[in-house]
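> 3D model of this:
(chains A and B)
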Amino acid sequence: MGIQLECKNAALGYESGIVVKDLNFIVSEGDYLCILGENGSGKSTLVRALLGLKPQISGEIQFHEIGKNQIGYLPQQTLVQRDFPASVREIVQSGCLNRCGLRPFFNQEEKKLASDMMEKLEITHLAKRCYRELSGGQQQRVLLARALCAAQKMLLLDEPVTGLDPKAMNEMYELIARLNREDNITVIMVSHDMNAAVKYASHILHIGGRQLFFGTKTDYLRSKVGQAFLEASGAGGEES
Amino acid sequence: MTDMSLLDTLIYYFKYPFVQYAMIVGLLIALCSSLLGVTLVLKRFSFIGDGLSHVAFGAMAISGVVGLTNDMLIVLPVTVISAVLLLRTGQNTKIKGDAAVAMISVGALAMGYLLMNLFPKSSNISSDVCSTLFGSTSILTLTLPEVWLCVIMALIVIAVFLIFYHKIFAVTFDENFANATGVNAGGYNLLIAIITALIIVLAMNLVGSLLISALIIFPALSAMRVFKSFRSVIICSAVISVICAATGIILSILFSTPVGSTIVAADILIFFIFCVISSVTARRKLA
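Numbers count the residues shown, from 1 in each chain, chains lettered A, B, ... in the order given. Predicted coordinates:
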């Protein structure tokens, strides 16, 4: 199992100050890392740093085998997207854009990639539908397909189930788990859903201004931080 | 008047080059503004047209005071710079999008009017101001070089739009994702800002400062009521805009109404028709 991402003593933040520090963790191929933390703990800052949008203040963030911009990113939905007139196919294809360079149009290979990804996520029948008319769960699948078009080794999911009903939420989690298991895609998921983290993740990174815990799920459930968080979030100990 | 005499009048007028010029320039401007309109509306920048045209108005006043014969030398750069500042994606800016547009818009309008009053060019200021705000007869007094300038600028805008169509889509739909996957979103935003400014400066002759927003937003909003994919929305909006501009110009010649407001009236009419169509189809789907 090759190491794909290595974070050494990284501190992240803005001009106004450090948001999160002492980050030391590694992500290997096929891992399912869940990043936990409360609001304002530095999760979104970490996401921006991993995507290369915000350089770290100190320390190192290194990628191995994965080039810059080769992370499939599933962002949180924005207000603009809710009523955006675009077909599912157009959105999925836009994930191929980083392969185009300066070429103005998509080639056959990229169109096929988009079709394959829609097939994989079972949204081919929606290809011509308008994005704004889909349900929350379907919209997330579309964005996930787009992310897979952009990169197939690592997915970075930012609160992927926000706003979904319990059924759609479960389907989304199962889908992500399947991609991780069957296609060996490394998954990094930002969440505050303790239940899902405990159920699906292989590793946990818990942050809150600094790194509180990093390690495998089993170790996390035994740790003080883990147990405190588990109690506070009222999650049952299905796995403990 | 009978129909025949209307047609005769039209044919009579279209023999004059100035009417032909007005038509060519009008259609090109309508086409360009509708192409960008979709992106601007979706990016929640519907009012940028208004804001920038007021900036252009202010810049015109300045160039009048300075005494430049060709006011484009000041108007164009000033407008482009303001567009860049307004559309800049900085989420950390102290004044947010709509407030920034409103501030620059009314600020430039006030300063422009103030300058025009302090240093009057002609004795009739209010008619000067009125023609800049509501589109003057200058669309009917275009010279051949001006028409060529307009044609070239319009071709540039259309070419840029076609070449970067997919990038513009990606940046409009999801800037964060585009950035994360290595698409230079900032650069494309800059490009959008610059061609927006170009179109607005061009369009000022046609409909005037106050009505430019109509040219940008109405075709886009109409198309978005009915069509469901980005490409069909863009195409439909371009078609609507060109048809409305043509109708508006012809009607304004026939009934000697102001060109700008006649075009906008046609756009508004189409918008209501499309609203009805969309609610009818929505009801049919439910049934």
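> check the gap between B:L191 and chain A for me.
13 Å (C-beta to the nearest C-beta, to the nearest Å). No exception for glycine: its C-beta is placed from N, CA and C like everyone else's.
> surely that residue and B:A159 touch.
No - taking C-beta atoms under 8 Å as the definition, B:L191 is not a contact partner of B:A159, at 12.0 Å.
> comparing these two, which residue is more hemmed in?
It is B:L191, of B:L191 and B:A159, that has more neighbours when counted by other C-beta atoms under 10 Å in any protein chain shown, with 18 against 10.
> that one in helix, strand or coil?
Under the three-state scheme (DSSP: H, G, I helix; E, B strand; the rest coil), the conformation of B:L191 reads as helix.
> now A:E60
Following three-state DSSP, we place A:E60 in the strand state.
> packing partners for the longest helix along chain A?
What stands out as the longest helix in chain A, according to DSSP state H, is helix A:166-182. Helix A:166-182 sits against helix A:136-150, strand A:154-158, strand A:186-191, helix A:194-200, with contacts defined as 3 or more C-beta pairs under 8 Å, 6 or more residues apart in numbering or on different chains; DSSP states H and E.
> make sure I have this right: A:L205 is in a strand.
Yes - read with three-state DSSP, A:L205 is one of the residues of a strand.
> what's the burial count for it?
Around A:L205 sit 26 other residues, with neighbours defined as other C-beta under 10 Å.
> picking up where we left off before, quick one, the longest helix of chain A and strand A:186-191 angle?
Here helix A:166-182 runs at an angle of 150 degrees relative to strand A:186-191 (axes from the mean of the first three to the mean of the last three C-alpha atoms, to 10 degrees).
> which residues touch the residue nearest in space to the middle of chain A?
Per C-alpha atoms, centre = their mean, the C-alpha nearest to the average position across chain A is that of A:L157, at 1.6 Å. Remark: with contacts taken as C-beta atoms under 8 Å, 6 or more residues apart in numbering or on different chains, A:L157 is in contact with A:L74, A:I176, A:V187, A:I188, A:M189, A:V190.
> isn't the fourth one right up against A:K153?
So that's A:I188. No - with contacts counted by C-beta under 8 Å, A:I188 stays clear of A:K153, the gap being 11.5 Å.
> compare those two (neighbour count), which wins?
A:I188 (25 against 17).
> least confident of the helices and strands packed on helix A:166-182, on average?
Mean pLDDT is lowest for helix A:194-200 out of the helices and strands packed on helix A:166-182, coming in at a mean of 83.
> dump the C-alpha coordinates for it into CSV.
Extracted as CSV, the C-alpha positions of helix A:194-200 are listed here (Å, rounded to 0.1, in the frame of the first residue of the first chain):
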residue,chain,number,x,y,z
MET,A,194,-20.0,10.4,14.1
ASN,A,195,-22.2,7.4,13.3
ALA,A,196,-21.1,7.3,9.7
ALA,A,197,-17.4,7.8,10.6
VAL,A,198,-17.5,4.9,13.0
LYS,A,199,-19.4,2.7,10.5
TYR,A,200,-17.4,3.3,7.3
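> chain A contacts on chain B?
Counting by C-beta under 8 Å from any C-beta of the partner chain, the residues of chain B lying close to chain A are B:42-44, B:162-167, B:169-170, B:172-174, B:176-183, B:224, B:227-231, B:233.
> related to what we said a few turns ago, centre of the chain versus the longest helix of chain A, how much separation?
From the chain centre to the centre of helix A:166-182 is a distance of 12 Å (C-alpha atoms, centre = their mean, to the nearest Å).
> what lies in contact with it?
The set of residues that contact helix A:166-182 without belonging to it, under C-beta under 8 Å, 6+ apart, is A:30, A:32, A:121, A:135-137, A:140-141, A:144, A:148, A:155, A:157, A:160-161, A:164, A:185-187, A:189, A:196, A:199-200.
> just the buried members of those?
Of the members of the contacts of helix A:166-182, the ones counted as buried by neighbours, 16 or more other C-beta atoms under 10 Å in any protein chain shown, are A:30, A:32, A:121, A:136-137, A:140-141, A:144, A:148, A:155, A:157, A:160-161, A:164, A:185-187, A:189, A:196, A:200.
> now the residues of chain B next to chain A: which count as buried?
Judged by neighbour count, with buriedness set by 16+ other C-beta under 10 Å, the buried members of the residues of chain B next to chain A are B:42-43, B:164-167, B:169-170, B:172-174, B:176-183, B:224, B:227-230, B:233.
> just checking, which of these belong to strands?
Using DSSP state E, no member of those sits in strands.
> domain ranges for chain A?
For chain A, automatic domain parsing gives the domain ranges A:1-28+A:55-65, A:67-188.
> what pLDDT, on average, does the first one get?
Confidence for domain A:1-28+A:55-65, expressed as mean pLDDT, is 82.
> buried residues of that domain, list them for me.
Of the residues in domain A:1-28+A:55-65, A:4-7, A:10-13, A:18-21, A:23, A:25-28, A:56-57, A:61, A:63 count as buried by neighbour count, 16+ other C-beta under 10 Å.
> residues from chain A in reach of chain B?
Residues of chain A found near chain B (C-beta under 8 Å from any C-beta) are A:51-53, A:68-69, A:71, A:73, A:75, A:78-81, A:84-87, A:90-91, A:93-95, A:97-98, A:100, A:104-106, A:128-130, A:133, A:143, A:146-147, A:150-151, A:156.
> pull the contacting residues for B:L40.
Per C-beta under 8 Å, 6+ apart, neighbours of B:L40: B:S46, B:I48, B:G49, B:I192, B:T196, B:I216, B:I217, B:A220.
> buried stuff in the helix or strand in which it is found?
Take DSSP states H and E as the rule and B:L40 turns out to sit in helix B:17-42. Residues of helix B:17-42 classed as buried under the neighbour-count rule (16+ other C-beta under 10 Å) are B:19, B:21-23, B:25-42.
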